[in-house]
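Engineer: below are the sequence and a predicted model; questions follow.
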Amino acid sequence: MRYEVRKLKDCVKLWKDKNRKRWPYLTKKEAEVQGIDLNNVFADVGSEKDYNGDCLFYAGRKLVLTDKREELKKSEKIYGYIPCMDKYGEEGYVRIVKKRKKWLALLLLLLLLIPLMFGLKYFIDQNKKVDLDEAAISYQMPNGVKNENPEEIMMPVFGELKMVEGTTEITAGLANPEGNPCYFKYSIVLKEGNKVLYESKWIEPGTAVVELNISEKLPKGSHPILIKIDTGTLADPEVAMNGGEIESVLKVE
């Protein structure tokens, strides 16, 4: 179908197409003020890819058209209406539909923020402070034993722990063997009543806590305990690996 632009007395605004050609048009608000009915829409301004065979002509200029869309996308808005008539003399309008600028701005902002967010996450991950136990010191396992297999976790062996009656101090090698792929965190639990006597912070491979204080004084005798070991990866200690639980005795002399 061929459409021709018809001039309206108060249609003074001009819209530029992609070729910078000017076309007279009305906004919806202007039409309301002038009492103009915009319901008879023939088509929408289109593009070559959705061209439906219809064209709009004006002073030697040509616009390709597409079928009127019943529903617009959220990112689109009606920019205006070009008054025209078809080859039979019926009067109507061609709609100018454009992308909403704020949607484009938000999209651009999002595209800019995505790499920034990933960069910020990488920076935080790289600079994440691990809550290391300040009491841990450099420590070598007996006979210089260390973990030679980074795919496995080496657990230390414990005999009985000893403590002097009336004190809370224990000397013990709560070690994380050199070569382990993770941090260690120790807990000493009194089996009677399942009471936690001690908890360490994170201990790095190749270090150990050798002097510690438990939470209470115990009477003379042998007290069954559990030595629990929690693990966390070196990249992120919040990511757990396989831990361990060792039965032992705390002997108060």
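Structural biologist: Perfect, I can see it now.

Engineer: count the neighbours of L234 for me.
Structural biologist: The local packing of L234 (other C-beta atoms under 10 Å) involves 14 other residues. C-beta here means a position set from N, CA and C on the backbone, and glycine is covered the same way.

Engineer: how about it, phi and psi?
Structural biologist: phi -70, psi -30 (degrees, to the nearest 10).

Engineer: tell me the contacts of K191?
Structural biologist: 223-226 (C-beta atoms under 8 Å, 6 or more residues apart in numbering).

Engineer: nearest to V209, of those residues?
Structural biologist: I225 (15.7 Å; C-beta to C-beta).

Engineer: ok, back up a step: make CSV out of the contacts of K191 and add pLDDT.
Structural biologist: Compiled in CSV, the contacts of K191 are given as follows (pLDDT from 0 to 100):
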residue, pLDDT
H223, 96
P224, 96
I225, 96
L226, 96
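
Engineer: report the buried members of these.
Structural biologist: Among the contacts of K191, those classed as buried by 16 or more other C-beta atoms under 10 Å are 223, 225.

Engineer: strands - which of the contacts of K191 land there?
Structural biologist: Among the contacts of K191, the members found in strands (DSSP state E) are 223-226.

Engineer: closest one of those to D17?
Structural biologist: Of the ones in strands among the contacts of K191, the one sitting nearest to D17 (C-beta to C-beta) turns out to be L226, at 79.6 Å.

Engineer: which residues does the closest one bridge with?
Structural biologist: When bridges are called by DSSP bridges, L226 pairs up with V189, E247.

Engineer: hang on, isn't it packed against V249?
Structural biologist: No: with contact defined as C-beta atoms under 8 Å, L226 does not reach V249; the gap is 10.7 Å.

Engineer: before we move on, the earlier item: the contacts of K191: which two are farthest apart?
Structural biologist: The widest separation within the contacts of K191 (C-beta to C-beta) is 11.1 Å, between H223 and L226.

Engineer: correct me, but L212 touches Y198?
Structural biologist: Yes: in this structure, L212 is within contact of Y198 by C-beta under 8 Å, at 5.8 Å.

Engineer: shared neighbours, these two?
Structural biologist: Both L212 and Y198 are in contact with I170, where contact means C-beta under 8 Å, 6+ apart.

Engineer: can you classify K68 by secondary structure?
Structural biologist: Secondary structure assignment for K68 (DSSP: H, G, I helix; E, B strand; the rest coil): coil.

Engineer: that one: what's it in contact with?
Structural biologist: 41-44, 95.

Engineer: Y81 now?
Structural biologist: Counting by C-beta under 8 Å, 6+ apart, Y81 has contacts 25-28, 31, 38, 41, 93-96.

Engineer: once you drop chain neighbours, what's closest to it?
Structural biologist: The shortest distance from Y81 to any non-neighbouring residue, by C-beta to C-beta, 6 or more residues apart in numbering, is to Y93 (4.1 Å).

Engineer: what strand or helix carries that neighbour?
Structural biologist: Using DSSP states H and E, Y93 sits in strand 91-99.

Engineer: equivalent analysis for L112, please.
Structural biologist: helix 101-126.

Engineer: need the next SSE after that helix, C-terminal direction.
Structural biologist: Remark: after helix 101-126, the chain's next helix or strand is strand 137-138, criterion DSSP H and E.
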